[in-house]
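K.L.:
show me how the following folds:
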Amino acid sequence: MTMRLFEHGICLGDSLTTGARTRYGVPEELSDQLNRLTKKKWLFRCEAVNGETVLQLLRRVDQKPWMWHDATFCTLMIGTNDAKSSVDTPAAVFQMLFGQILDRLVVAKLVVFPALIPDLQIDASLASPYDSSCQDRIRYFNEGIRRECAERGLDKFLVDTTGLSAADYADGVHFSTEGIAAVSRRFAEKITAR
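P.N.:
Numbers count the residues shown, from 1 in each chain. The predicted model follows:
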């Protein structure tokens, strides 16, 4: 009997990662896609929290060093909550905090696959408290994500989650089942190409 090889990973983020409007999220779909694409078994643990901001994630990462012990990979998709009018994280602050998360993940010796923040479907009936002003903030945040990734040599691992179709959204913000599959496919392509 041949021993199967296992890869352990962590999915960090918010409700877009957990799959708040679907029966499962990115960790489960990404594991399934990679299991079918490779001769390994992929175990992605969901460490995403609905409603979390970049600052909340940074502080939580510092409080849970145990989460890194068996992991070699990490996906990171955060920022939609920072774009809410009620939160309105300044772009420079978002970039600084995102960079600090990347530093912690790199120091933990994880292969990090950061993602851009997906666009909102402005023509959809957006879930409150999102409005069209959020899209401008997301654009500025994504520019900051690109800069922080380039500074650390992670731009080759950066996953572009923008430009999804309307069918990929359940409510203009959160992913549908099709959206979870589409985003997971983009992560899987980067992970298998590394």
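K.L.:
which stretches of the chain have low pLDDT?
P.N.:
Flagging of the chain using pLDDT under 70 yields the residue ranges 1-4, 65-68, 123-128.
K.L.:
rerun at 80
P.N.:
Scanning the chain for pLDDT under 80 picks out 1-4, 64-69, 122-132.
K.L.:
show me the helices in this protein, by range?
P.N.:
Along the chain, the stretches classed as helices by DSSP state H are 15-18, 26-37, 54-63, 91-107, 133-151, 177-193.
K.L.:
just the C-alphas of the fifth one, formatted as PDB.
P.N.:
In PDB, the C-alpha atoms belonging to helix 133-151 read as follows (Å, rounded to 0.1, in the frame of the first residue of the first chain):
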ATOM      1  CA  SER A 133     -18.400  54.000  -2.300                       C
ATOM      2  CA  CYS A 134     -17.000  50.700  -1.100                       C
ATOM      3  CA  GLN A 135     -15.700  49.900  -4.600                       C
ATOM      4  CA  ASP A 136     -13.300  52.900  -4.600                       C
ATOM      5  CA  ARG A 137     -11.900  51.800  -1.200                       C
ATOM      6  CA  ILE A 138     -11.400  48.200  -2.500                       C
ATOM      7  CA  ARG A 139      -9.500  49.600  -5.500                       C
ATOM      8  CA  TYR A 140      -7.100  51.500  -3.200                       C
ATOM      9  CA  PHE A 141      -6.800  48.500  -0.900                       C
ATOM     10  CA  ASN A 142      -5.900  46.300  -3.900                       C
ATOM     11  CA  GLU A 143      -3.200  48.700  -4.900                       C
ATOM     12  CA  GLY A 144      -1.800  48.400  -1.400                       C
ATOM     13  CA  ILE A 145      -1.900  44.600  -1.500                       C
ATOM     14  CA  ARG A 146       0.000  44.600  -4.800                       C
ATOM     15  CA  ARG A 147       2.700  46.900  -3.300                       C
ATOM     16  CA  GLU A 148       3.100  44.800  -0.100                       C
ATOM     17  CA  CYS A 149       3.300  41.600  -2.100                       C
ATOM     18  CA  ALA A 150       5.900  43.000  -4.500                       C
ATOM     19  CA  GLU A 151       8.000  44.300  -1.600                       C
END
